[in-house]
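>>> 3D, please:
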Amino acid sequence: MGRLFGTDGVRGVANTELTPLLAMELGAAGAYVLSKEHAYRPTIMVGCDTRASGDMLANALMAGICSVGANSVYVGVMPTPAIAYLTRKYKVDAGVVISASHNPVEFNGIKFFNGDGYKLSDELEDQIEECIKRENADIPKPIGSRIGKIKYRRDVVDEYINHSIKQIHTSLDGLKVVVDCAEGASYLTAVEALKELGAEVIPIHNNPDGTNINANCGSTHLEELCARVVMEKADLGLAFDGDADRLLAADENGRSVNGDEIMAIIGNHMMEKGSLRNNTIVVTVMTNLGFILMAKEKGINVEQTKVGDRYVLERMQEIGASLGGEQSGHIIFLDENTTGDGLLTALHLMEVLKETGKPLSELSKIMTILPQSLHNASVPNHKRNSYMEYDEVREAIEKLEAKYAGEGRVLIRPSGTEPLVRVMIEGKNQKEIDNDARSLADLIEKMCL
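Alright, predicted model coming up:
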């Protein structure tokens, strides 16, 4: 068995790869590992996004939790950052989100948070995997009154909304915003929070039916949002992903605004207000070089990590940074929550618009985006880490690295959550880097068949 945990929990096609049996095993192993040192009966909070498979997997997971004597609190549909916050607020021993984030509806995932609201370390994930490899043989099986119970709560969503709106200190009255909820977990929280702060909200894709999550909408499909902003003469558009831990935007002219630009806008505003700790922003190696140049000009320190918001978070904790994130829109405000939070990102972005009085198109000029081209090679899941074993691939990468040395870069990495190898090239000529990235992705795909 390969490693179960990727960069964002355990992912797979629901009911074939991520089965109810595996969910139950993860529930039992996770509850045991995360609470084995406690002398009391532990409690684990569980939430999910809007996928039809969510209830199936959540109930299987909670059966596993109860089977080792732990209790579970099921809060139903809830954004990932809400589970992280509520886990801390209620001082439960762990939190679990059933979600596959921006992936299509057939996928789902299981992601654990510890009692402090942080994603698990590799060491703890390895301990959970080891239990499952041994078929949970070493885990105690209580009986009678020692079996855990499930408590159902649907009344905590307002606590996350209230926590979020308290993080900005200005009314959003006068701002008109189109909000794409991706038929996902933000369909209630984002709309309600923005309305409470006084914004005029035009929601789209906020009628989830269990099958339409991320379907040609949300942060991976900005076309409709961009057009709708122009049509409605709105000040901006906001696009969440399925579990609402990431956010992208559109300016008043219908141009998309990515995570790098959003971090540049908010980070510079925070620095001017004195709230950007250590004058530092933590980003990944995928961050556009234009962001690095902007930061140097503004006197902002930049720390870079490998791809994955967990690595951004780890570095933020190490150096005491308050802002970090990814180009994809996973942005972490560590003074306010312990994971990427799309709602906090939306509120802080609109706070900058309101306090500066500037349109988003002007604010986003703070950095110049250098051309990037990203192409995905579809490969068998078990081969996504072995593409460098092929001489043809290795030689092609070496040639491109030599070609772009000094005026761009080549970055190839396996996806942490999907059967893909991602090829990114950055350079001066968009057509040229498109051709080179596509050719390399095609080669990797061909060799890994």
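>>> drop to CA atoms for contacts and neighbour counts, all remaining ones
OK.
>>> and residue 395, which of the three is it?
Secondary structure, DSSP: H, G, I helix; E, B strand; the rest coil: residue 395 is helix.
>>> quick one: it and residue 387, what's the gap?
Going from residue 395 to residue 387 by Cα to Cα, to the nearest Å gives 12 Å.
>>> Just give the nearest non-adjacent residue to residue 325, would you?
residue 331 (4.1 Å; Cα to Cα, 6 or more residues apart in numbering).
>>> just to revisit the earlier point, between residue 395 and residue 387, who's got more neighbours?
Neighbour tally, residue 395 and residue 387, criterion other Cα atoms under 10 Å: the higher count belongs to residue 387, 21 against 12.
>>> ok, that one - contacts?
Shown in contact with residue 387 (Cα atoms under 8 Å, 6 or more residues apart in numbering): 393, 444, 447, 448.
>>> One more pass at 7 Å, please.
Shown in contact with residue 387 (Cα atoms under 7 Å, 6 or more residues apart in numbering): 444, 448.
>>> Ok, residue 244 next?
Applying Cα under 7 Å, 6+ apart, the residues near residue 244 are 79, 80, 185, 186, 341, 342.
>>> any idea how far the nearest residue to residue 394 once chain neighbours are set aside is from residue 447?
Counting by Cα to Cα, 6+ apart, residue 394 lies nearest to residue 388, which is 5.6 Å off, once chain neighbours are set aside. Distance, residue 388 to residue 447, using Cα to Cα: 10 Å.
>>> list residues touching both of these two?
Between them, residue 388 and residue 447 share no contacting residue under Cα under 7 Å, 6+ apart.
>>> on that earlier part again, neighbours of the residue nearest to residue 325, how many?
Using other Cα under 10 Å, residue 331 is surrounded by 30 other residues.
>>> That one touches residue 322, doesn't it?
No. In this structure, residue 331 is not within contact of residue 322 by Cα atoms under 7 Å, at 10.5 Å.
>>> Give the other helices and strands that the helix or strand hosting residue 317 contacts.
Assigned by DSSP states H and E, residue 317 belongs to helix 309-319. Using 3 or more Cα pairs under 7 Å, 6 or more residues apart in numbering; DSSP states H and E, the elements in contact with helix 309-319 are strand 280-284, strand 323-325.
>>> per-residue confidence for the residue nearest to residue 325?
Reported pLDDT at residue 331 in the predicted model: 98.
>>> Also residue 2?
64.
>>> what does the one 5 residues further on give?
Per-residue confidence at residue 7 stands at 76 (pLDDT).
>>> can you check the one 5 residues further on too?
Reported pLDDT at residue 12 in the predicted model: 95.
>>> now residue 222
Listed pLDDT for residue 222 reads 98.
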